[in-house]
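>>> pasting the sequence and the predicted model now:
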Amino acid sequence: MTVNAETHAGGNTWRHLPAAQQPDWPDQEALRDVIAELESYPPLVFAGECDQLRERLGAVARGEAFLLQGGDCAEAFDAVSAEHIRNKLKTLLQMGAVLTYAGSVPVVKVGRIAGQYSKPRSKPTETRDGVTLPTYRGDSVNGFEFTEAARIPDPQRLKRMYHASAATLNLVRAFTTGGYADLRQVHAWNQDFVKSSPSGQRYEALAREIDRAMNFMNACGVDPEEFRTVEFYSSHEALVLDYESALTRVDSRTGNLYDVSGHMVWIGERTRQLDHAHIEFASRIRNPIGVKLGPTTTAEDALTLIERLDPEREPGRLTFITRMGADKIRDKLPELVDKVTAAGAQVAWICDPMHGNTFEAASGHKTRRFDDVLDEVKGFFEVHKGLGTHPGGIHVELTGDDVTECVGGGDEIFVDDLHQRYETACDPRLNRSQSLDLAFLVAEMYRDQ
Ligand SMILES: O=C[C@H](O)[C@H](O)COP(=O)(O)O
Ligand SMILES: C=C(OP(=O)(O)O)C(=O)O
Ligand SMILES: [Mn+2]
């Protein structure tokens, strides 16, 4: 990768277009200095890794693999600790093992991790006890604390986002390639969990079967390298374009632009306007791109997004992450899938069963019902089965910690429990037990498909 003024030029074509949900930086000069510094930083990921993920997602689009994408709604700087990162990774690895073994399908594992620091919001301000302040927009922009000072956007935070992402990715790489993710460790990931939770016990039974299968293979003289390490990729919403374009570089091998802040980036439901800045930015980079599609998406929108983002119709380039809501998916999704398929595009279809199912509990906590999450995934499978297309994966907000943010699940959390351990900085996440429950249920759906 080379860095010079020209290197960044192609990643800046969005600048003359309207960009929704951008921070209102009070000091433009400070912002320019930060951008210049970010432009000199080394890449967090390599272009070749992004290409590899694009190939893996190509298998998803062709119906040969399943995508598991998950992590926090909003990562937080003060949660960049070995414990939080390990717990999240452990949960994703356990879900991956369940889906691979019980669903009998290769699983592409992508974290909402190492860069998921920026949040689009439905309202610009928030009022508490008569005091109105700007909303929290993620640790990359302002502070969560409800004070005037904390809520002022500070561009220095973009540098902290870079360093927090680098530290996280470093640990993730160490965990996934340094022995921790070795399939012989399937039990170890569960040790702290097995006694305390029904889903942990169910997982333990599956881990024993995996052990037996591996022992059998070993006895036959098979000991593949693939069992020792895990391919794991990073992703986040490409929201704050000053940050994303400062980390966009020319790949010296090919001359193409890559956003080297993460392997995959997605454009959110609130920023996917066809002629606006985010889609323009995404159209210039070669990373695999996701676009969130909510219930108001028309088939024409989807087809135009394909024209803009995947004109070559390359499987793996474009992932549509649908987030319709459990009550709408069966109505809204069929037309989109049908028309996209008829147009000859081979996108990966992924279900985000979280963002269409959020509601506010009487206590004021934002929450989601596990049953609604499950029902949206069921609807997603039904629609794809009906059309003969491939249900390509799930995109979920989760944490490896035992939080009480979503209600329901096998280890049932009630509305009255929400206050006990409600730690999210933005949307409610599935806890470890609920995440594993979901993986088992999705594996069954996949097998029945
Ligand atoms: O994570 C997604 C969005 O940022 C979030 O759902 C918006 O939430 P809000 O309606 O509280 O702004
Ligand atoms: C903001 C998010 O989702 P959406 O764009 O689908 O609302 C998110 O994934 O956190
Ligand atoms: Mn969210």
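Cool, got the structure. Numbers count the residues shown, from 1 in each chain. Ligands and ions are numbered 1, 2, ... in the order given.
>>> wait, what's in contact with F46?
Applying CB atoms under 8 Å, 6 or more residues apart in numbering to F46 gives the contacts V260. For glycine as for every other residue, the C-beta is placed from the backbone atoms N, C-alpha and C.
>>> next one: it from P288, what distance?
Per CB to CB, to the nearest Å, F46 is found 14 Å from P288.
>>> before we move on, what about T367?
For T367, the distance to P288 - CB to CB - is 31 Å.
>>> next one: N256
To P288, N256 is 13 Å away according to CB to CB.
>>> now the stretch 1-150 of the chain, which segments are flagged as low pLDDT?
Confidence mapping of the stretch 1-150 of the chain against pLDDT under 70 gives the ranges 1-9.
>>> strands along that one, start to end?
66-71, 107-112, 125-128, 131-134 (DSSP state E, counting those that start in this stretch).
>>> ok so, going back, which of T367 and P288 has more residues huddled nearby?
Neighbour count, other CB atoms under 10 Å: between T367 and P288, P288 has more, with 28 against 22.
>>> pLDDT wise, what is the more buried one at?
Looking at P288, its pLDDT reads 98.
>>> dump the residue contacts of it.
C50, L53, R54, L57, H263, M264, G316, R317, L318, T319.
>>> just those residues that are near ligand 1?
Of the entries in the contacts of P288, not a single one is placed beside ligand 1 under the rule of CB under 6 Å from any ligand atom.
>>> of those, list those near ligand 3.
Filtering the contacts of P288 for proximity to ligand 3 by CB under 5 Å from the ion leaves nothing.
>>> so which of those residues sit within helices?
Among the contacts of P288, the members falling in helices (DSSP state H) are C50, L53, R54, L57.
>>> quick check, I321 in a helix?
No: checked against DSSP: H, G, I helix; E, B strand; the rest coil, I321 lies outside a helix; its state is strand.
>>> tell me what it is bridged to.
Assessed by DSSP bridges, I321 has beta-bridge partners K292, I350.
>>> gap between it and ligand 2?
Note on I321: its distance to ligand 2, by CB to the nearest ligand atom, to the nearest Å, is 7 Å.
>>> what segments of the stretch 301-449 of the chain are strands?
Under DSSP E, counting those that start in this stretch, the stretch 301-449 of the chain gives strands at 318-322, 348-351, 358-360, 366-368, 393-397.
>>> for those strands, give me CSV that also has mean pLDDT.
Compiled in CSV, the strands of the stretch 301-449 of the chain are given as follows (pLDDT from 0 to 100):
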stretch, mean pLDDT
strand 318-322, 98
strand 348-351, 98
strand 358-360, 98
strand 366-368, 98
strand 393-397, 98
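>>> nearest to L418, of the ones you listed?
Closest to L418 of those is strand 366-368 (CB to CB; 6.0 Å).
>>> partner strands of the closest one and their direction?
Using DSSP bridges, strand 366-368 pairs in its sheet with strand 358-360 (antiparallel).
>>> contacts for the partner strand?
With CB under 8 Å, 6+ apart as the test, strand 358-360 has contacts from K366, T367, R368, D427, P428.
>>> just flag the most distant two among those.
Using CB to CB, the two most remote members of the contacts of strand 358-360 are T367 and D427, lying 9.3 Å apart.
>>> measure V222 to M214 for me?
For V222 relative to M214 (CB to CB), the value is 9 Å.
>>> neighbour-wise, which of these two wins?
Taking neighbours as other CB under 10 Å, V222 and M214 compare with M214 leading, 17 against 10.
>>> mind checking the end-to-end distance for stretch 317-334?
22 Å (CA to CA, to the nearest Å).
>>> one more: stretch 382-402?
31 Å.
>>> repeat that for stretch 12-21.
End-to-end distance of stretch 12-21 (CA to CA): 17 Å.
>>> mind checking how far that stretch is from the chain centre?
Relative to its chain's centre, stretch 12-21 lies at 23 Å (CA atoms, centre = their mean, to the nearest Å).
>>> that one close to ligand 2?
No: judged by CB under 6 Å from any ligand atom, stretch 12-21 stays clear of ligand 2, getting no closer than 9.3 Å.
>>> adjust the sequence numbering to begin at 17 for everything that follows.
Right, with 17 as the first residue, what we last looked at is stretch 28-37.
>>> how about that stretch: buried residues?
Neighbour-count burial for stretch 28-37 flags N28, W30, A35, Q37 (criterion: 16 or more other CB atoms under 10 Å).
>>> what's the answer for stretch 282-299, then?
By neighbour count on 16+ other CB under 10 Å, the buried set for stretch 282-299 is 282-288, 292-299.
>>> again, but for stretch 234-254
F243, T245, V246, E247, F248, Y249, S250, S251, H252, E253, A254.
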